[in-house]
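Asker: 3D, please:
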Amino acid sequence: MITKPTVQHLHRLICRDCGVRQGELHQLNCCMEVCRKCGGQAISCGCEGRATKPRRPFIAWRDMCGMCGDLLPQLFHVPKAVWAFYIEHEHRNKIVCLDCWHFIEERTDGGAYARKHGQALLEHSPAWLERVGKPLDTPDPFVKSIFELPVEDER
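Answerer: Below you'll find the predicted structure:
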């Protein structure tokens with residue numbers, strides 16, 4: 001049974017190419033290292049002078065609810081106007097899990113605005129595909145999950 005990852009799980013993640021742990025510098029010529037100048041793949045970007053910028057460590061960035069801290073919340077979609085109605089301007093760039101979204105709706109106006117202008121739909125559900133104008137057989141692009149990244153052994 002797959003459960004949600006913990007912060008301890010995230011700290012044990014290792015790069016799938018060179019095997020370094022979270023927070024360590026990639027091995028030279030690792031295909032996962034990002035060029036610190038252009039943001040492309042470091043071994044193939046061809047940037048001159050990228051050695052003048054400091055190298056970045058391996059970090060497996062993960063989504064987290066900005067309200068409750070839930071790691072890898074299930075993503076959903078609401079129309080922009082609905083998001084703007086319920087989420088304060090300075091927090092609109094954050095992710096909110098569905099439970100926190102419903103809490104915010106309920107405390108704001110009982111969800112009335114969302115019922116009138118567009119309720120939350122889980123991403124890649126048939127209703128979401130219809131809302132965004134994609135064919136119903138569109139595959140979910142989120143193929144890789146956090147559990148597919150290698151993890152160092154606990155010792």
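Asker: and Phe21, what are its bridge partners?
Answerer: Actually, residue 21 is Arg rather than Phe. Listed by DSSP bridges, the beta-bridge partners for Arg21 are Ile14.
Asker: how close does it sit to Leu13?
Answerer: From Arg21 across to Leu13, the span is 8 Å (C-beta to C-beta, to the nearest Å). From N, CA and C alone the C-beta is placed, and that goes for glycine too.
Asker: between those two, who's got more neighbours?
Answerer: Leu13 (20 against 14; other C-beta atoms under 10 Å).
Asker: Mean confidence (pLDDT) on stretch 135-147, please.
Answerer: For stretch 135-147, mean pLDDT rounds to 56.
Asker: ditto for stretch 45-60
Answerer: Rounded mean pLDDT across stretch 45-60 is 75.
Asker: what about that stretch, start to end distance?
Answerer: 21 Å (C-alpha to C-alpha, to the nearest Å).
Asker: Which SSE is immediately downstream of the helix or strand of the chain with the lowest mean pLDDT?
Answerer: For the chain, counting by mean pLDDT, DSSP states H and E, helix 7-11 ranks last in confidence among helices and strands (a mean of 67). Once the chain leaves helix 7-11, the next helix or strand it forms, by DSSP states H and E, is strand 76-77.
Asker: List the neighbouring strands of that next one plus their orientation.
Answerer: Here strand 76-77 has these sheet partners by DSSP bridges: strand 121-122 (antiparallel).
Asker: Centre of the chain to the partner strand, how far?
Answerer: In terms of C-alpha atoms, centre = their mean, to the nearest Å, the centre of strand 121-122 is found 16 Å from the chain centre.
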